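J.: mind folding the following:
(2 chains)
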Amino acid sequence: SQTIHQWPATLVQPVGSPLSLECTVEGTSNPNLYWYRQAAGRGLQLLFYSVGIGQISSEVPQNLSASRPQDRQFILSSKKLLLSDSGFYLCAWSVHRGSIVTGELFFGEGSRLTVL
Amino acid sequence: GEDVEQSLFLSVREGDSSVINCTYTDSSSTYLYWYKQEPGAGLQLLTYIFSNMDMKQDQRLTVLLNKKDKHLSLRIADTQTGDSAIYFCAEEGSSNTGKLIFGQGTTLQVKP
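T.: Below is the predicted model:
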């Protein structure tokens, strides 16, 4: 069966420090992968998505970057965190039905980032 | 542009029906989705509906779609305390990408 893991679950970082959140998927190959952010009291905002190794699309201008060094690994990074980067970060992958990429997403448990 | 709107809060008594409403703007969405988020956790897909359907029923869940008004609703019959969560409506941002536009989420509080 397919599983998705994110870590760390909770992170408290000072302004200006670097960030690395990792996501790995098991039980599927060549998944589309996504990073979403959920700010307090708000919906989910798509930050990045990837259709394959080394292929990253950024959805919104921001202080963050993403990388996909392996098929089932997706990393969210920052060189210098801002206060506004605080939030709940969710990694997800989507189900393929043949050649169709669906909106049936499987989410990780999330990483809560607090920037002080 | 694309936008999905939901009311933020709904409170019901255990055993009652809950109806969570959503409006969307992109009439080209092929599917519309409902996700559930329990406290401190990721989202789980609850159900989805194909855009040429009016209704879909899955056990206690009923999804109604009014494509003319771009209105989607999720009805939970016999609501239980375990149904307390945030419910997100979502439409496809662009087809065949898996990119979704989510609403702000409706917090459902179920009182015993």
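
J.: the helix or strand of chain A with the lowest mean pLDDT vs chain B: in contact?
T.: In chain A, no helix or strand scores lower on mean pLDDT, DSSP states H and E than strand A:100-107, which sits at a mean of 89. Yes - Strand A:100-107 lies within reach of chain B by Cβ under 8 Å from any Cβ of the partner chain, at A:Ile100, A:Val101, A:Thr102, A:Gly103, A:Glu104, A:Leu105, A:Phe106, A:Phe107. C-beta here means a position set from N, CA and C on the backbone, and glycine is covered the same way.

J.: neighbours of residue 20, how many?
T.: Since you didn't name a chain, this refers to chain A. 12 (other Cβ atoms under 10 Å in any protein chain shown).

J.: actually, chain B is the one I wanted.
T.: With other Cβ under 10 Å as criterion, B:Ile20 counts 21.

J.: pLDDT score assigned to it?
T.: Per-residue pLDDT puts B:Ile20 at 98.

J.: now do the same for it: helix, strand or coil?
T.: strand (DSSP: H, G, I helix; E, B strand; the rest coil).

J.: partner residues bridging the residue nearest in space to the middle of chain A?
T.: Central residue of chain A (Cα atoms, centre = their mean): A:Trp35, 2.7 Å from the mean position. Using DSSP bridges, the beta-bridge partners of A:Trp35 come out as A:Phe48, A:Cys91.

J.: I'd assumed A:Leu19 was in contact with A:Ile75.
T.: No - contact status for A:Ile75 versus A:Leu19: not in contact, 10.0 Å apart, counting by Cβ atoms under 8 Å.

J.: neighbour count for those two, which is higher?
T.: The residue with more neighbours, out of A:Ile75 and A:Leu19, is A:Leu19; 21 against 18, by other Cβ under 10 Å.

J.: returning to that earlier point: so the residue nearest to the centre of chain A is in contact with A:Cys91, correct?
T.: Yes - using Cβ under 8 Å, A:Trp35 makes contact with A:Cys91 at a distance of 5.9 Å.

J.: setting the sequence-adjacent residues aside, check what's closest to residue 31.
T.: No chain specified, so I'll use chain A. Residue nearest to A:Pro31 in three dimensions, not counting chain neighbours: A:Trp93, with 4.0 Å by Cβ to Cβ, 6 or more residues apart in numbering or on different chains.

J.: wait, chain B was what I had in mind.
T.: Once flanking residues are discounted, B:Tyr31 sits nearest to B:Tyr48: 5.1 Å by Cβ to Cβ, 6+ apart.
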